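coordinates only, sequence not included:
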Ligand SMILES: Nc1ncnc2c1ncn2[C@@H]1O[C@H](COP(=O)(O)OP(=O)(O)OP(=O)(O)O)[C@@H](O)[C@H]1O
């Protein structure tokens, strides 16, 4: 039951004071459905769920699936057999004659009961083992299939809220519930086989006994469903509170906000907020515990009454001579077996339906993600002579205005072009389009005359992103990123980016793990991380290298050295440089000035200064900021460099 189990939580991301930001989160999207699902709805959906789960189980582990299914079915057969043989034992014991003879007569049937029980136990053990083996294999297959898709879908899919939420739901709830669906499917099958076996045994004993099973099982089934519903209701009532609690727990126990919690003295405030939510949660849980106890007691009382009625009916059948005593005795055993199987079955079906909703999300996501996976291009370019974007426009999914409008730029081998402009003018977006990460909605981008979409650009383009990832790996792995180690190149790349200085301060050097969450892990400063990211770009010997704000966190000396190195790096490659440090783009072969998604100006530094437009304005502003004591712009520029 989800309510009592570990909730599927992800960090809420809600702002601290946001009391209204309690709308349902992606992992709660199914709560309402669980609350309102009718038995009919559950029953209609089950065949699809069971078929999908069994197909997946078969793909993950055919042998274990077969053993789990066959073991349970055969165990059911032996249950029937054992019950019928029990009736023979009782018939021999209740027959007339001296006791030793009656016992002797019962021995063959007794032996059959023992064999049937032993075989049933062995089959159930084998099925249980196969079932336990299935779980990790199914989970692994489900997860692998998901990640094969998430690493392949077009990048734009991650900018689409609906896609992103569906992906998170599939990953956080769908994958774990896939194994649950398989597990509960087999448990449901076990329960169903138990019910069928008991019913069949009763039928063998006397057809009139069959409906009695239903009478005893109905109250237990009702109690099982009612208890589950109470759990859903509570879970639903608490969903907003739970989200707030997750958020508070992140704020109080995570590393990143720890400093501000102290500097702003937020402790009492946060603990107070936590107490409010925890009180509410506790009240609801205690209320549910009380109501569940009442339901269970009611269910037990009703089951007792039903059992009494069934025994009364048995006694009546016995008195009327419809069934003999031995059959009545076996019927009691069969009823007990069937009763517990049926109550278990109802509970399992409820769980199956619940897990099935998330499993359904998983399946739907996979289907949708397939449609967002671009076909693998067959052509890998041998080099790059000219990359040309022509009349390119692009809008992010859901954005009300385009990030780029009718943009044309070119960069040739051996050139450095610079993209400059104010925040939000579209520089990073253009760089991502040039790298083939997004596709333009209109216009073309051609790599030596071929559309980017037709080319496999892996290993051809290297992007040092502005918001580069801080990979929780060693320094060496952070630079190599899966490429083979070439010591000399690693040393060169590290020296060019100034990463060698960072490495020399780490006790384990290149083997230092850059993640404080692990024992012996290190963290780096923003500038040190940037040096690692830049070394990665140099190490990956690509045809097109894009540096997006590579020096934003570097000190002045490192920045100067890096721009020098980038200029040299352009030898034999095409380089796109995005930076706000205009003094550093003076030597670019061409500068494109972007303004609200358009190329407002383009040319060399001298041409743009002579034009006295936006670039000259921005440049003048920066240079003026460096002027001191009446110094000239020329002196100031020197200082910038
Ligand atoms: N993933 C995204 N989804 C939606 N809109 C985006 C996304 N990334 C950027 N934008 C929007 O696109 C526009 C251009 O953004 P872009 O990051 O390209 O600007 P930029 O010139 O690189 O800015 P900066 O100098 O701040 O890095 C902005 O209006 C921004 O809000």
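That came in fine, so what should we check first? Predicted, not measured: the structure shown is a model, and the values here were computed from it. Numbers count the residues shown, from 1 in each chain.

Which residue, neighbours along the chain excluded, lies closest to residue 462?
residue 542 (3.7 Å; C-beta to C-beta, 6 or more residues apart in numbering). Every residue, glycine included, has its C-beta placed from N, CA and C.

give me the residue from the stretch 251-400 of the chain nearest the ligand.
With C-beta to the nearest ligand atom, the shortest gap between the stretch 251-400 of the chain and the ligand falls at residue 396, namely 3.3 Å.

Thought residue 424 was touching that residue, still the case?
No: between residue 396 and residue 424 there is no contact under C-beta atoms under 8 Å: 11.9 Å.

what's stretch 302-314 in contact with?
209, 212, 215-216, 218-220, 222-223, 323, 328, 331-332, 335, 339 (C-beta atoms under 8 Å, 6 or more residues apart in numbering).

So how do I select the buried members of these in PyMOL?
The buried subset of the contacts of stretch 302-314, as determined by 16 or more other C-beta atoms under 10 Å, is captured in PyMOL by this line:
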select buried, resi 209+212+215+216+218+219+220+222+223+323+328+331+335+339
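
Counting only strands, which of the contacts of stretch 302-314 make the cut?
Among the contacts of stretch 302-314, no member falls in strands (DSSP state E).

Closest to residue 468 out of the contacts of stretch 302-314?
residue 223 (56.4 Å; C-beta to C-beta).

Could you measure from the closest one over to residue 296?
Look at residue 223 and residue 296: by C-beta to C-beta, to the nearest Å, they are 6 Å apart.

where along the stretch 351-500 of the chain do the strands fall?
For the stretch 351-500 of the chain, applying DSSP state E, counting those that start in this stretch gives strands covering 386-394, 404-412, 416-421, 442-447, 450-451, 461-464.

Over to the stretch 501-641 of the chain?
Counting by DSSP E, counting those that start in this stretch, the strands of the stretch 501-641 of the chain are 544-548, 574-578, 590-595, 598-603.

The ones you listed into CSV, with extra columns for mean pLDDT?
Converted to CSV, these look like this (pLDDT from 0 to 100):
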stretch, mean pLDDT
strand 544-548, 91
strand 574-578, 91
strand 590-595, 95
strand 598-603, 94
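
Make a markdown table out of those strands and add distance to residue 191 and mean neighbour count.
A markdown table is the format used below for the strands of the stretch 501-641 of the chain (distance: least, C-beta to C-beta, whole Å; neighbours: other C-beta atoms under 10 Å):
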| stretch | distance to residue 191 | mean neighbour count |
| --- | --- | --- |
| strand 544-548 | 58 | 24 |
| strand 574-578 | 62 | 25 |
| strand 590-595 | 65 | 22 |
| strand 598-603 | 66 | 18 |
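
Output the ones you listed as a markdown table; include the columns distance to residue 109.
As requested, these are exported to a markdown table (distance: least, C-beta to C-beta, whole Å):
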| stretch | distance to residue 109 |
| --- | --- |
| strand 544-548 | 83 |
| strand 574-578 | 87 |
| strand 590-595 | 91 |
| strand 598-603 | 93 |
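
So for residue 441, which of those strands sits nearest?
Using C-beta to C-beta, the nearest of those to residue 441 is strand 598-603, at 15.2 Å.

between the closest one and strand 386-394, how big is the angle?
150 degrees (axes from the mean of the first three to the mean of the last three C-alpha atoms, to 10 degrees).

and strand 598-603, does that touch the ligand?
No: Strand 598-603 lies out of reach of the ligand by C-beta under 6 Å from any ligand atom, never closer than 11.7 Å.

Please name the strands paired to that strand in the sheet, noting orientation.
strand 590-595 (antiparallel) (DSSP bridges).

tell me the SS of residue 179?
helix (DSSP: H, G, I helix; E, B strand; the rest coil).

how about it, what does it touch?
By C-beta under 8 Å, 6+ apart, the contact set of residue 179 is 134, 135, 136, 138, 139, 142.

for residue 391, same thing?
Here residue 391 is in contact with 406, 407, 408, 442, 443, 444 (C-beta under 8 Å, 6+ apart).

which of those residues lies closest to the ligand?
residue 407 (11.0 Å).

Give me the neighbour count for the closest one.
For residue 407, the neighbour count with other C-beta atoms under 10 Å is 26.

How much space separates it from residue 444?
11 Å.

next one: residue 292
For residue 292 relative to residue 444 (C-beta to C-beta), the value is 64 Å.

Just to confirm, what confidence does the model report for the residue lying closest to residue 58 once chain neighbours are set aside?
Excluding the flanking residues, the one nearest residue 58 by C-beta to C-beta, 6+ apart is residue 65, at 5.0 Å. With respect to pLDDT, residue 65 scores 94.

about what we covered before: please pick the buried ones from the contacts of residue 179.
For the contacts of residue 179, a burial check counting by 16+ other C-beta under 10 Å picks out 134, 135, 138, 139, 142.

Verify the stated contact: the second one with residue 185.
Spelled out, that is residue 135. No: counting by C-beta under 8 Å, residue 185 is not a contact partner of residue 135; they are 11.9 Å apart.

what does the stretch 151-300 of the chain have sitting close to the ligand?
So the stretch 151-300 of the chain meets the ligand at residue 159 (C-beta under 6 Å from any ligand atom).

scratch that, the stretch 1-150 of the chain
Counting by C-beta under 6 Å from any ligand atom, no residue of the stretch 1-150 of the chain is near the ligand.

give me the low-pLDDT residue ranges for the stretch 1-150 of the chain?
Within the stretch 1-150 of the chain, the segments meeting pLDDT under 70 span 1-39, 41-42, 95-97.

where does the residue nearest the centre of the chain land on pLDDT?
Centroid-nearest residue in the chain: residue 171, 2.1 Å away (criterion: C-alpha atoms, centre = their mean). pLDDT for residue 171: 88.

how about the closest residue to it other than its chain neighbours, what does it touch?
With sequence-adjacent residues excluded and distances taken as C-beta to C-beta, 6+ apart, residue 171 is closest to residue 146, at 6.1 Å. Residue 146 is in contact with 170, 171, 174, 175, 362, 365, 366, counting by C-beta under 8 Å, 6+ apart.

Narrow those to those in helices?
Judged by DSSP state H, the contacts of residue 146 include 175, 362, 365, 366 as members of helices.

now, which of those residues sits nearest residue 563?
Relative to residue 563, and with distances defined as C-beta to C-beta, the nearest of the ones in helices among the contacts of residue 146 is residue 365, at 44.2 Å.
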